[in-house]
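# Show me the folded form of this:
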Amino acid sequence: MGQSASKEKFRESVTALVQLDVSADDADFWDELWKIPASAEEVFELIPASSARRLRDDRFANLATLFTQAVAQLCQIVETPYNIYFDQALNCVRVLTRILPFLLEKGDLGEADENVEQLCWGTGSNVAEDEKIGLMVGGTKDDGGDSNGRNSKMGKNSDGPDEQEPLALLVVHAAMHMLFLPQFTCDYYEDASLKGEASNSRAKRVETKEDRDLKAEAGLRLKKVEWGVSLVPTPTSIIWAPGIGVTAAEMGFDASTRKYDKNRIEVLRLLLTCCCDPLFAPADEYNPLASRWLAVATAADAPNAICLFYSLLNTILTHDPRSMPVSTGFSEGNHVKLVELSAQVLCILLDCGLPGRPDPVVDQTGMPCVEFETASKGGFNLFRTLLARVDTGKELSDIFTGFSRLLRNCYEVESTYMGGTKLECYQELLVLFWKFLEENPMFMTHVLTRCNVNEVIVPICFLMYKSRRDPAQIGLVHICTFILLKMSGERSFGVSLNKAFTKKLPTDLPLFSGCHADLLTITLHKLVVNGAYKLVPLYSCFLTIIANISPYWKSMSLVAAVKLVNLFELFSSPKFLYSGESAHRHLALLLEVFNNIIQYQYHGNAHLVYAIVRRKDAFGHLASLTLEKAQAQCHKVYGEHTSVKKDVDSKTGPVQIGSKGIPRMNGTDDASQSSSVVGPPFQPNEDWLEELKDSLPMETVTRLLQHLVPVVDEIVAGKMGVVDEQEILDALNEMTMVGLLPVPHPIVIRKYQPNQYTALWFTAFMWGVIFLRNQSLPLFDGQCIELFQVSLTDDDD
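Below you'll find the model as predicted:
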């Protein structure tokens, strides 16, 4: 059958399903449907969103038969993976990938339709239907257990001879089996002898002193149990790439082949759509424990789950965008797509259930495991447990190296002629990096004390700078901000930023000679003065990051010093100061930055001291502010009705979640979605002025100015007004402020505290990214999505 003929035949079959009642007993129709060759693009083209919904709403019996038979065939191919049926299995995968999101629109997180519930989660038996399913791909009744064994083995519940497993569970398990099907998505399974060798090689791994020190720093203690759910990937040869969890030697062969990339992509898409029901839950009602589909995929008994975790992680982290395309005749684009899809699937599998327990547990053979009691509890997530249990210094270093290599691609691909393949999945990579920071207690300590954290700081700054004006990239700036805020709560982060910055980035950032703290500050300054309006709620986060690193900043560049004082002038200007009742909190953070550097890092920071001296009037005006002046300035700027649009530090937190969870997906820059304040216009009053005076730590800067302004004036007068600024800087460096400043204040570090709002934001943000990144083959239709807002055009199906 030619391509055009098969496409037309598939179109006719779809039309019949939508318009007619097709009996489940019509073996000719269904057999022919599954054997019609159709690419993924053709399946999506010939089953548009409108047809899929009509099939669900008007011909549910047809949809039920279609779904049931497709799942049954996948179960069958898993039991006996004959390659003559691979094409037919791919047809089933593509059809399921297309129709599952429309089923889940009316799943238990969506509109909760009773028919959909019974189809996906019903456990009633139908012996006649079982026989028909068994006959579909070549079995006979006389074959007995074997022909139907592939179905009965996977489709029967051990609790009773006539009780079936739910189809939802079967399709998720089938997809996870198919990701490791011999000659379909991997080369082969290990035999018993190889399994034994792999287990022995893992047992011989020696814990180093560094590993023990890391565990001690994280407060982790080893626990031994008699038995548990093993966390050892078995068999190791089916893992897609060596790296974390399994070495190349343990795999026993070179797993770098890319001949299975296309099939892996197809099945990963199916797994992704199986787990998409969070899309149809309103953001304010979303519960990370509610999805039964995700619970099945992340349960302790999910097939090949451990191998899948390491396959996805290693596929992502071993990819090198700088490498030239492989000379095997297969498309490099397929592998890049596999890397991106692996990141998306791993993000989703790590975003449900409860966090994993990081404390190491081993069984009586010394192998890592999870206690049965823990694994059987509701909300257990095997993937989060595996992530939390990565605990060797070498693997933690390899993870950091992989992230830094991939993130550097964002500027390397623009700054070099041979920059390699351009990645698009920076948002997914940053979410995964965040997951490691949050859930693996050893990772952040290892990165900050034993790795060069600046390898990820540079690309993070670059991405924030490049995305600052793009409304569609506001979420990217948010995730970068969260990462910086999380790490800035550690002293070692601020110390690491003192390393000299020598790279030349392909941006128009001002040139400076300094360290990575300078780069970070200059970038954040640019986001404030030249960023999209939706970044306004992040200003307090930006300033908190700078405040956290300021006590350890040894030598600030001239450019960074000027930018910081410029920010002080900006936030003390009437336009900002009177924009809202809490707007002065930004000034408190900036004063804390100045105080930290003056008290703890005075020598080496003459540039900042001199910048403060030169802008002494800004500090003087604020210190002498009276209620009359405040009211007059407010009236001059805002008139009778003070605007409240720029109340950039409202009490709802650093990121305000709209009714749909994340910024609008239609690309508009609607500030009211993120920063408007409900209430009467703000007017300065006595209470406000008193709070402002109490909250602004002005004493250190005031004392500094009282002592240094006359000194600088004297130097300038002595040179008849013509003086080299370097002479002033040298004089400031030689001075001592001992005894002239107040008693040094204690260093205050504001640590990031996880909460339900940021957790919800990450879920909505990640699904928003996945929705947008899967539009060339539109896995999801935006019409019924509730987790975030989608703007639909008239020609959408």
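# remind me which residues of the protein are low pLDDT?
Within the chain, the stretches with pLDDT under 70 are 1-3, 124-163, 189-205, 252-256, 324-332, 416-419, 640-681, 720-721, 792-797.
# mind listing the strands for it?
223-224, 229-230, 361-362, 369-370 (DSSP state E).
# show me the contacts for Gly110.
Leu104, Asp277, Phe280, Ala281, Cys784, Glu786 (CB atoms under 8 Å, 6 or more residues apart in numbering). C-beta here means a position set from N, CA and C on the backbone, and glycine is covered the same way.
# surely Thr700 meets Leu740?
No. Judged on CB atoms under 8 Å, Thr700 makes no contact with Leu740 at a distance of 10.2 Å.
# on that earlier part again, need the contacts of Gly110 in CSV with neighbour count, can you?
Output for these, formatted as CSV (neighbours: other CB atoms under 10 Å):
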residue, neighbour count
Leu104, 26
Asp277, 23
Phe280, 21
Ala281, 20
Cys784, 18
Glu786, 21
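# between these, which is closest to Ile77?
Leu104 (23.4 Å; CB to CB).
# how long is stretch 354-361 from one end to the other?
End-to-end distance for stretch 354-361: 18 Å, by CA to CA, to the nearest Å.
# cool, stretch 544-555 as well?
Distance across stretch 544-555, first residue to last, is 19 Å (CA to CA).
# Just give me how far it sits from the chain centre.
26 Å (CA atoms, centre = their mean, to the nearest Å).
# Burial check on Ala623, number of neighbours?
Neighbourhood size, Ala623 [other CB atoms under 10 Å]: 14.
# So it versus Leu705, what's the distance?
Applying CB to CB, to the nearest Å, the value for Ala623 to Leu705 is 9 Å.
# same question, Met737
Applying CB to CB, the value for Met737 to Leu705 is 12 Å.
# okay, the two: which has more neighbours?
Leu705 (20 against 17).
# Quick check: that one touching Val613?
Yes. Taking contacts as CB under 8 Å, Leu705 lies within contact range of Val613: 6.7 Å.
# Arg94 and Thr544, how far apart?
To Thr544, Arg94 is 48 Å away according to CB to CB.
# Please read the previous query as pertaining to Lys106.
44 Å.
# Likewise for Glu395?
As judged by CB to CB, Glu395 and Thr544 stand 32 Å apart.
# try Leu777
41 Å.
# Equivalent analysis for Asp261, please.
Distance, Asp261 to Thr544, by CB to CB: 43 Å.
# And for Pro235?
On the measure of CB to CB, Pro235 and Thr544 end up 48 Å apart.
# likewise Pro684?
Separation of Pro684 from Thr544 (CB to CB) stands at 25 Å.
# Now do Ile546: how many residues are near it, please.
Count around Ile546 with other CB under 10 Å applied: 24.
# Hmm, I typed the wrong one, I wanted Val743.
5.
# Spit out the contact partners of it.
With contact taken as CB under 8 Å, 6+ apart, Val743 is in contact with no other residue.
# Report the central residue of this structure.
Val431 (1.9 Å; CA atoms, centre = their mean).
# isn't that residue right up against Cys480?
No. The criterion here is CB under 8 Å, and Val431 misses it with Cys480 at 11.0 Å.
# Between Pro235 and Thr544, which has more neighbouring residues?
Thr544 (25 against 20).
# which one is the more buried one nearest to, not counting chain neighbours?
Leaving aside its sequence neighbours, Thr544 sits nearest to Arg750 (CB to CB, 6 or more residues apart in numbering; 5.3 Å).
# separation between that neighbour and Leu779?
For Arg750, the distance to Leu779 - CB to CB - is 40 Å.
# the more surrounded of these two?
Remark: of Arg750 and Leu779, Leu779 carries more neighbours, 20 against 16, as counted by other CB under 10 Å.
# Confirm for me that that one is in contact with Arg269.
Yes. Judged on CB under 8 Å, Leu779 makes contact with Arg269 at a distance of 6.4 Å.
# between those two, what contacts are shared?
With CB under 8 Å, 6+ apart, Leu779 and Arg269 have common neighbours Thr97.
# Okay, buried residues for the longest helix seen in the chain please.
The longest helix of the chain (DSSP state H) is helix 393-415. Residues 393, 395-396, 398-400, 402-413 are the ones in helix 393-415 that count as buried (16 or more other CB atoms under 10 Å).
# who does it touch, helix- and strand-wise?
helix 209-218, helix 305-317, helix 426-439, helix 443-450, helix 454-467 (3 or more CB pairs under 8 Å, 6 or more residues apart in numbering; DSSP states H and E).
# Now tabulate these in CSV and tack on distance to Ser323.
As requested, the helices and strands packed on helix 393-415 are arranged in CSV below (distance: least, CB to CB, whole Å):
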stretch, distance to Ser323
helix 209-218, 30
helix 305-317, 14
helix 426-439, 17
helix 443-450, 25
helix 454-467, 18
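# who wins for proximity to Thr65 among these?
Nearest to Thr65, of those and by CB to CB, is helix 305-317 at 29.8 Å.
# name the helices or strands packed onto the closest one?
helix 332-349, helix 382-388, helix 393-415.
# who wins for proximity to Glu439 among these?
Of the helices and strands packed on helix 305-317, nearest to Glu439 by CB to CB is helix 382-388, at 5.2 Å.
# Identify the residues contacting that closest one?
Under CB under 8 Å, 6+ apart, the answer for helix 382-388 is 231, 245, 298-300, 302, 305-306, 309-310, 346, 349-350, 353-358, 370, 375, 435-436, 439-441.
# Then stretch 475-487?
426-427, 430-431, 433-434, 437-438, 444, 447-448, 453, 457, 460, 463-464, 467-468, 493, 520, 527, 531, 535, 538, 541-542, 544-545, 654-655, 662-663, 752, 758, 761-762, 765, 768-769.
# Also stretch 288-296?
104, 107-109, 121, 168-169, 172-173, 274-275, 277-278, 281, 302, 348-349, 351-354, 378-379, 759, 763.
# And that stretch, what's buried?
Neighbour-count burial for stretch 288-296 [16+ other CB under 10 Å]: Pro288, Ser291, Arg292, Trp293, Leu294, Ala295, Val296.
# what do you get for stretch 176-188?
So for stretch 176-188, counting by 16+ other CB under 10 Å, buried means Met176, His177, Met178, Leu179, Phe180, Leu181, Phe184, Thr185, Cys186.
# try stretch 69-78
Gln69, Ala70, Val71, Ala72, Gln73, Leu74, Cys75, Gln76, Ile77, Val78.
# One more: stretch 77-97?
Judged by neighbour count using 16+ other CB under 10 Å, the buried positions of stretch 77-97 are 77-79, 81, 85-86, 88-97.
# Stretch 362-382 now?
Applying 16+ other CB under 10 Å to stretch 362-382 flags Asp363, Pro368, Cys369, Val370, Glu371, Thr374, Ala375, Phe380, Asn381, Leu382 as buried.
# do the same with stretch 421-432
So stretch 421-432, judged by 16+ other CB under 10 Å, has buried residues Thr421, Leu423, Cys425, Tyr426, Gln427, Glu428, Leu429, Leu430, Val431, Leu432.
# what do you get for stretch 723-737?
Within stretch 723-737, the residues that qualify as buried are Ile728, Ala731, Leu732, Met737, counting by 16+ other CB under 10 Å.
# re earlier: near the spatially closest residue to the residue nearest to the centre of the chain that is not a sequence neighbour, how many other residues are there?
Counting by CB to CB, 6+ apart, Val431 lies nearest to Cys347, which is 5.1 Å off, once chain neighbours are set aside. The local packing of Cys347 (other CB under 10 Å) involves 25 other residues.
# ok, Cys347 - contacts?
Glu428, Val431, Leu432, Lys435, Met766, Ile770.
# So Leu96 versus Arg405, what's the distance?
35 Å.
# In contact with the residue lying closest to Phe403 once chain neighbours are set aside, which residues?
Spatial nearest neighbour of Phe403, chain neighbours left out: Phe433 (5.2 Å); criterion: CB to CB, 6+ apart. Contacts for Phe433 (CB under 8 Å, 6+ apart) come out as Phe403, Leu407, Val456, Ile483.
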